[in-house]
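Peer 1: Let's see this in three dimensions:
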Amino acid sequence: MPNSFGKLFTITTWGESHGGTIGVVVDGCPPGLPLSEADIQPDLDRRRPGQSDIVTPRKESDTVTLLSGVFEGRTTGTPLTMMVPNADQRPQHYEEMRAKFRPSHADFTYQQKYGLRDHHGGGRSSARETIGRVAAGAVAKKILHLAGGVDIRSFVSRIHDIAMPETDAFPGFEEVEANPVRCPHAETAARMVERIKEVKKKGDSVGGLIETRARGIPPGLGEPVFDRLEADLAKAMLSLPATKGFEIGSGFGGTLLTGSQHNDAFESADGGPRPATNRAGGVLGGISTGADLVFRVAFKPTATILQKQRTVDLEGRETELMGRGRHDPCVLPRAVPIVEAMTALVLLDHWMRHRAQCGTFDFSTHHTHG
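Peer 2: Numbers count the residues shown, from 1 in each chain. The predicted model follows:
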């Protein structure tokens, strides 16, 4: 189903931007995991609107309720259901959009596909759908951390044309959360914040890049050919609203190198062979190498801007539309926990698939039957 993601650890999100509630059903969560709303709420707080003056002022506490799948503080192995209410709804801001298509939004394509659409904030096409992803991702992150010591860190590396210095360092959580733009380089972060405020005053918007690093991933995760680890990561990231690009390791920059410059030589280590460098971004042949996973996701400028734009109505007549409502002048600061969540969902699903295929049966003892 198009509203579900994953094979063994699966999620199904539900709800609309201006409906009563929004949430997710998680299937495949192993039993015995200590879990409560307190494990999930911190990531939702990082995603929620109204947390600073450079994001949408929509006032939502985004308080999660865990409805099923937990008994006496531990998961039962049955589906988890999590729900968040939509409290600050203002559908009147979207009445003009009933008959007009917003430029660079999904209004036109939803109308073409289904013959009707929820014009209140875009319905399912709204980024508010990602609440369910973040809630499910918080569960996945806890499993990965407890079972394998995996740490996932996403951060804003570029806003518009302002980029932080390149580094191979794994940033600390406190460094990322130290400023509202979630860039771990303080000087660059200050410039990014000012740029967002500048475009906000003009009723405009900007995009940028989110970089993700994950460490503690064992070698062997991922499948050859169609379910390569980087292919599933790309699908996960490009399924997010406003995303326009994905690159792993050296990415597009690697096209400027020769093979002798780009290849990652192997070296001996206590745990066995390992790449001496990591231009591959932690994946070879679609399978994790054990090195840090490194990738970047490109986000376009927010489509809703507070300026008049040319468009057409349902009858195809040319008209103008002025964006209304409460919107982010830049989606990246609130997208950081969303990217982390989708990374965790992909990694956990592949970890479970790897254990199911390669970690269950012991063929070392052979039996002869007479």
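Peer 1: Show me where the stretch 51-200 of the chain dips below the pLDDT cut-off.
Peer 2: Across the stretch 51-200 of the chain, residues meeting the criterion (pLDDT under 70) sit at 88-93.
Peer 1: Next, please give the residue ranges for the strands of it.
Peer 2: Along the stretch 51-200 of the chain, the stretches classed as strands by DSSP state E, counting those that start in this stretch are 65-68, 70-71, 74-75, 80-85, 151-159, 162-163.
Peer 1: Pick the most buried one from the ones you listed.
Peer 2: Compared across these, strand 151-159 shows the largest average neighbour count, a mean of 23 (mean count of other C-beta atoms under 10 Å). Where C-beta positions appear, they are placed from N, C-alpha and C, glycine not excepted.
Peer 1: Quick check: which helices or strands does that strand pack against?
Peer 2: Using 3 or more C-beta pairs under 8 Å, 6 or more residues apart in numbering; DSSP states H and E, the elements in contact with strand 151-159 are helix 130-148, helix 173-176, helix 186-201, strand 208-215, helix 332-358.
Peer 1: Select, out of the ones you listed, the one closest to residue 263.
Peer 2: Nearest to residue 263 among the helices and strands packed on strand 151-159 is strand 208-215; the distance by C-beta to C-beta comes to 21.3 Å.
Peer 1: Just the C-alphas of the closest one, formatted as CSV.
Peer 2: Extracted C-alpha coordinates of strand 208-215, given in CSV (Å, rounded to 0.1, in the frame of the first residue of the first chain):
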residue,chain,number,x,y,z
GLY,A,208,19.4,23.7,1.4
LEU,A,209,21.1,20.4,2.4
ILE,A,210,20.8,18.0,5.4
GLU,A,211,23.7,15.7,6.0
THR,A,212,23.4,12.5,7.9
ARG,A,213,26.0,10.3,9.6
ALA,A,214,25.3,7.0,11.2
ARG,A,215,28.0,5.0,13.1
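Peer 1: Listing partners with orientation, what would you give for it?
Peer 2: With DSSP bridges as the test, strand 208-215 is paired with strand 151-159 (antiparallel), strand 293-299 (antiparallel).
Peer 1: Now stretch 285-303: buried residues?
Peer 2: By neighbour count on 16 or more other C-beta atoms under 10 Å, the buried set for stretch 285-303 is 286-303.
Peer 1: where does the stretch 251-370 of the chain have low pLDDT?
Peer 2: 324-326, 360-370.
Peer 1: Tabulate the strands of the stretch 51-200 of the chain in CSV, adding columns for distance to residue 261.
Peer 2: Converted to CSV, these look like this (distance: least, C-beta to C-beta, whole Å):
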stretch, distance to residue 261
strand 65-68, 50
strand 70-71, 51
strand 74-75, 47
strand 80-85, 47
strand 151-159, 22
strand 162-163, 22
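Peer 1: Residue 331 contacts residue 127, correct?
Peer 2: Yes. Residue 331 sits in contact with residue 127 when judged by C-beta atoms under 8 Å, with a separation of 6.8 Å.
Peer 1: ok, these two, which is more surrounded?
Peer 2: Neighbours were counted for residue 331 and for residue 127 using other C-beta atoms under 10 Å; residue 331 has more, 26 against 22.
Peer 1: Quick one: residues contacting the more buried one.
Peer 2: Neighbouring residues of residue 331 by C-beta atoms under 8 Å, 6 or more residues apart in numbering: 127, 207, 241-242, 299, 302.
Peer 1: doesn't residue 206 make contact with residue 301?
Peer 2: Yes. Using C-beta under 8 Å, residue 301 is in contact with residue 206, at 5.2 Å.
Peer 1: shared neighbours, these two?
Peer 2: Counting by C-beta under 8 Å, 6+ apart, the contacts common to residue 301 and residue 206 are residue 330.
Peer 1: For the stretch 201-350 of the chain, just list every one of the strands.
Peer 2: 208-215, 243-248, 266-267, 274-275, 283-284, 287-288, 293-299, 308-312, 318-322.
Peer 1: how about those strands, which one is nearest residue 47?
Peer 2: strand 208-215 (13.0 Å).
Peer 1: ok, residues contacting that closest one?
Peer 2: With C-beta under 8 Å, 6+ apart as the test, strand 208-215 has contacts from 150-160, 163, 170-171, 192, 282, 292-299, 330, 332, 335-336, 339-340, 343, 347.
Peer 1: quick revisit: Serialize the contacts of residue 331 to JSON lines and add fields for distance to residue 257.
Peer 2: JSON lines is the format used below for these (distance: C-beta to C-beta, whole Å):
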{"residue": "127", "distance to residue 257": "36"}
{"residue": "207", "distance to residue 257": "26"}
{"residue": "241", "distance to residue 257": "33"}
{"residue": "242", "distance to residue 257": "30"}
{"residue": "299", "distance to residue 257": "26"}
{"residue": "302", "distance to residue 257": "34"}
